[in-house]
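J.: Here's my sequence, what's the structure:
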Amino acid sequence: MQKLSRRWARVKVPGCGWVRFRLSRNGKGSELPKAKTFRVTCRNGRWHIAFAVVPAPVEAPGTGEIIGIDRGVAITAALSGGRKLNCPQLTVKERAQVRKHQRRAARAPKGSERKAAEYAKVARLRACEADRRKDWCEKTSTMLARSYGLVRFEKLNIKNMTRSARGTTEQPGRQVRQKAGLNRAILAQGWGLLRRRTEHKAPGRVEDVPAPYTSLRCSACGWIDKNSRKSQAEFVCSCCGFTCNADTNAAVNVAAGQGGIPRPRRTAGAGGVTTATGRSSTREPQPIRVGIPLFQEGEDVK
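T.: Numbering: from 1, shown residues only. This is a model prediction of the structure:
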């Protein structure tokens, strides 16, 4: 490898000779990597070169601060500190271009060059969206690793959440198109990539918190009630009256490790939730009694 200028370098590819490439990172990252292997790929008409380098883990800030992250569709990542981060998507104009090329491809004859050209234009726009999502995940994960000592995510099974609702011929699914749209919206947020890249950059400082009841639990008093979630963005506790953004409230519960199904009590209704009595909805630990047990009259003692 040889560096030609601040933005350009060249590498010798077997069978092709010297090939110029643009350095995609500025500042210190523009230095040539110390790698012995590289890979050249072509994706949607664009050539890329990647060098195999193992980066060093990001050092912890040393503050011991814990951050909780609630992932969603309306807000990609809501932090317990109040920040709301959104993954970039295609613009309105780009979405219109995708629909236009898809309509043209549908009208084109099967196997024609025009059909392939229209689908190639759609693929290039989708590739731009994927690149933006990956870039956002890389920058966000680096920010989390550098700013917080412990990062907690709600534990989500994304594979099951994005499973198709089509069903079978004998048992067809219901609302298949709506479920397909929800699956696309979930996959477009990059939940899994953000979690993986954060763990790669901050090994040992990423934890998973069970997701159940994190969005229904009040972060102020711990009360659990589905009626407290007024809407997608509004949370008003039915016990103490605490008001907060619903995603931020869930992120605070994730940061505190308050997740999972609570233990139901005898007086609890459906879901283990009791009436508003001012007591905790989870059972308190019972004291252990030590001593000689009491016996009833006439009972034999062995």
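
J.: Which residue ranges make up the domains of the chain?
T.: Here the domain assignment for the chain is 2-51, 66-210, based on automatic domain parsing.

J.: What is the helix or strand hosting Asp247 packed up against?
T.: Asp247 belongs to helix 246-255 when assigned by DSSP states H and E. Helix 246-255 sits against strand 66-71, strand 77-79, strand 150-155, strand 234-236, with contacts defined as 3 or more CB pairs under 8 Å, 6 or more residues apart in numbering; DSSP states H and E. Placement of C-beta: from N, CA and C, glycine included.

J.: related to what we said a few turns ago, dump the domains of the chain to CSV, plus mean pLDDT and distance to Ala60.
T.: Supplementary listing: the domains of the chain in CSV, determined by pLDDT from 0 to 100; distance: least, CB to CB, whole Å:
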stretch, mean pLDDT, distance to Ala60
domain 2-51, 80, 20
domain 66-210, 91, 5
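
J.: which of those sits most buried?
T.: Stretch with highest mean neighbour count among those: domain 66-210 (a mean of 16; mean count of other CB atoms under 10 Å).

J.: Run the chain-centre distance for that domain.
T.: What separates the centre of domain 66-210 from the centre of its chain is 9 Å, taken as CA atoms, centre = their mean, to the nearest Å.

J.: residue contacts, Ala233?
T.: 74, 245-247 (CB atoms under 8 Å, 6 or more residues apart in numbering).

J.: And the furthest pair within the residues you listed?
T.: Across the contacts of Ala233, no pair lies farther apart than Ala74 and Asn245, at 10.9 Å, counting by CB to CB.

J.: ok, back up a step: in CSV: the helices and strands packed on helix 246-255, plus distance to Ile49.
T.: Formatted as CSV, those follow (distance: least, CB to CB, whole Å):
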stretch, distance to Ile49
strand 66-71, 32
strand 77-79, 31
strand 150-155, 31
strand 234-236, 48
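
J.: that's a strand at Arg39, yeah?
T.: Yes. Under DSSP: H, G, I helix; E, B strand; the rest coil, Arg39 sits within a strand.

J.: Next up, the contacts around the residue lying closest to it once chain neighbours are set aside.
T.: Nearest non-adjacent residue to Arg39, counting by CB to CB, 6 or more residues apart in numbering: Ala50, 5.0 Å away. By CB under 8 Å, 6+ apart, the contact set of Ala50 is 38-39, 41.

J.: What distance do you get for Ala50 to Thr248?
T.: Computed as CB to CB, to the nearest Å, the Ala50 to Thr248 distance reads 38 Å.

J.: swap in Val98?
T.: 33 Å.

J.: Next: Ser215.
T.: Noted for Ser215: a distance of 11 Å to Thr248, by CB to CB.

J.: Common neighbours of those two, please.
T.: Joint contacts of Ser215 and Thr248 (CB under 8 Å, 6+ apart) are Asp70.

J.: contacting residues for the residue lying closest to Arg174 once chain neighbours are set aside?
T.: Residue nearest to Arg174 in three dimensions, not counting chain neighbours: Ala165, with 7.0 Å by CB to CB, 6+ apart. Each residue near Ala165 by CB under 8 Å, 6+ apart is listed here: 173-176, 179-180.
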